[in-house]
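Peer 1: missing the sequence, but the structure's below:
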């Protein structure tokens, strides 16, 4: 046994290589003969390669040498041209025979007998193995029969040839048939000429050397010996009995001794190959020629072709295949019908023209298992493919590609790279994106160079594994939300939405608010966001007069590792609500009433006075309209709806109504509209009309000054009145603004002794809490809530008795306003008061003198 190994190393992918191994083994070896060790001969870096024992010899797992030394090798046979003869041990890598190999039965007369295997070693290397079966001279040449009878006319001229039966030797090469010998020709009448066919086989011809004389000797016995080229040579013999016949002296003659015909493979049955013509100079039956295949023509020729015995036309009888044999030789003989005919012979060589009748064959050697990460870089190996074509020439030249590849729109991100011996690798040619496509059907297309070309396709699927490569994306960069002022804390404002195309945790989005401030106040006291669905809720009641709009940023973050995030801006616009009624500041009202004096004979259009009111709202809710709603049935006065100025409309109004009581209404334009009313008493004042340019106070026209003692008193009283009026307007406006914007409570708080002048104290809502108060009245136990100030106040804890019956378990929304138990003050419409009791440090509550506090507006607690 001889071993010749030729290894060619190259990397077809980051984890695969291809090695070529060539072995030879003599035929007739028994089962279990070890041909070679693949692991050792290919120099594989495996722990168990080269164990040296077959599976039957190991007995138990790991029994061979090298057991337990590092990781085990694995050898998997991908292709085997003779699985019944050869196999590879999966653990040791030994290549061995499974039964006796007979080269003659396996390869017949082929000059080279070779078996091929493809072995996948250690899941990382492919071994291409060629095993040549060496011929032994174990067969002697043999003839079809022990003796051959020949009839030869005595008129056969010297040089006439007669083909003899050929011997057959199954051995090949030097051990095959080499030559023939002719013996026992004592008279030198015959000689032997050995010729070769186109396929290299040899055949003998008997040649007449001298004229024959049947009367001298009618029978000749010859021995034909066939010798092979073995050492020592083997031989076979056949006895040739020659009988001389006295008959026909002319033989048919072909136009040529040999013919060459080209015929396409797969030619239809009945196709004419060649029309032979042989002539005979004799007449009658001696000149009639019959055609036939030579008696020694192979059976394959008789299966593929037929010949017309009368015309000599040869036709296709069977299926011609270039891949099986590209050259076919036909031996034809022609003999006449006369007695003792001498046949003529010719050779027809049929050359088959290859046709593109075999489509390419695609086989997957290895395909990646499991999903492929979308983060895989370009050039990642997906599969190992082998493509073959049985045709030759252009018909066997292959072009392979991935269907839909090339990088255009809609193309698959895979391509083919050719490696060696029709091996290709399928690799990625650009980055993958699962969000664009999560699964690909990769189709390999193989096309040969024939005309027309033949195609083959084969497919496999590749699933793409998700990676966290996409941040959440908001549907908008800016969300604009609107909320009316005086909303309830906890009210839903709107939602933001961010979507992440990734899967699972990589696509699960949570929301949060980024740190920020509205003025000096943290945004976290204004709004909150639901981390799951992005719903935004108000945490406080908004005041349009204080905050018209504010912005904050919402962060969307996925749950991948590492996570990805993005943010969007949310702008909240506070809508103005008509929540402030007009407040009449001029003229000064006492119990919602003011008195105006007008000189008699004032005439039409005389300015009686002007009503002024303030409204903290904006827009239409703050635009005021003045009108007289009562007391002007006789149309004695008119009032400007915009400026609030009242003028006389009748020249003799004082005669019709010396004292007029007008009810003036000031309304805003909000929805719903709010209003304030005041009663104005207009009295006619006796005296002359004032001259133009003289001042008026509170709608009262002063008389012309008489320089007497009453003038300084009038001037002093007017000045004090103006100062008091301005102070009252300033206090009212300031209290109105503070109650609206700062949400504080302005209360007049009595000191500990109950005497003296009251002092103003600002109390914010954070300084007040409700606590239950125990007490009884004539109707039984009284459940009340006391408003207790925070200890952070400078004064001692104060208790605001909330005398309205309210269960202690009432929800928060029911505690909206503080209402006084009793109120002796007249409060303008739209305002409420609160009854307060102050308990000084160390003083009994019952001893503390009560004092009153006016609350313009109270928010919820």
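Peer 2: Done, it's in. A quick note: this is a predicted structure, and the numbers were derived from the prediction, not measured.
Peer 1: Angles on the backbone of residue 524, please.
Peer 2: The phi/psi pair for residue 524 (degrees, to the nearest 10) reads phi -70, psi -10.
Peer 1: Grab the nearest non-local neighbour of it.
Peer 2: Once flanking residues are discounted, residue 524 sits nearest to residue 513: 6.7 Å by Cβ to Cβ, 6 or more residues apart in numbering. No exception for glycine: its C-beta is placed from N, CA and C like everyone else's.
Peer 1: What of residue 421?
Peer 2: Among residues not flanking residue 421 along the chain, residue 128 sits closest, at 7.1 Å (Cβ to Cβ, 6+ apart).
Peer 1: which stretches of the stretch 601-750 of the chain aren't confidently modelled?
Peer 2: 686-710, 738-750 (pLDDT under 70).
Peer 1: Could you identify the longest helix within this protein?
Peer 2: In terms of residue count, the longest helix belonging to the chain (DSSP state H) is helix 710-737.
Peer 1: The residue lying closest to residue 114 once chain neighbours are set aside is in what secondary structure piece?
Peer 2: Ranked by Cβ to Cβ, 6+ apart and with sequence neighbours excluded, the top spatial neighbour of residue 114 is residue 132, at 5.0 Å. Per DSSP states H and E, residue 132 falls inside strand 125-134.
Peer 1: same question, residue 306
Peer 2: Here residue 306 is assigned to strand 305-307, by DSSP H and E.
Peer 1: Rounded mean pLDDT for stretch 284-298, please.
Peer 2: Per-residue pLDDT values across stretch 284-298 average out to 85.
Peer 1: in that stretch, what's buried?
Peer 2: Residues of stretch 284-298 classed as buried: 286, 287, 288, 289, 290, 291, 293, 294, 297 (neighbour count, 16 or more other Cβ atoms under 10 Å).
Peer 1: Report the contact partners of the closest residue to residue 540 other than its chain neighbours.
Peer 2: Distance criterion Cβ to Cβ, 6+ apart; nearest residue to residue 540, sequence neighbours excluded, is residue 489 at 5.5 Å. Contact analysis of residue 489 by Cβ atoms under 8 Å, 6 or more residues apart in numbering lists 538, 539, 540, 541, 860.
Peer 1: so what pLDDT did residue 489 get?
Peer 2: Reported pLDDT for residue 489: 89.
Peer 1: burial measure for residue 429, as a count.
Peer 2: 18 (other Cβ atoms under 10 Å).
Peer 1: The strand holding residue 132 packs against which elements?
Peer 2: strand 16-26, helix 103-107, strand 114-121 (3 or more Cβ pairs under 8 Å, 6 or more residues apart in numbering; DSSP states H and E).
Peer 1: Kindly recompute the last result at 10 Å.
Peer 2: The contact analysis (3 or more Cβ pairs under 10 Å, 6 or more residues apart in numbering; DSSP states H and E) places strand 125-134 against strand 16-26, strand 34-37, helix 38-41, strand 75-80, strand 86-88, strand 94-97, helix 103-107, strand 114-121.
Peer 1: can you tell me which of these the model trusts least?
Peer 2: Lowest mean pLDDT within those: helix 103-107, at a mean of 77.
Peer 1: what residues does that one touch?
Peer 2: Identification of contacts with helix 103-107 by Cβ atoms under 10 Å, 6 or more residues apart in numbering yields 26-28, 82, 85, 110, 113-115, 132-136, 138-139, 169-172, 175.
Peer 1: change it to 7 Å
Peer 2: Here helix 103-107 makes contact (Cβ atoms under 7 Å, 6 or more residues apart in numbering) with 27, 113, 133, 135, 139, 170, 171.
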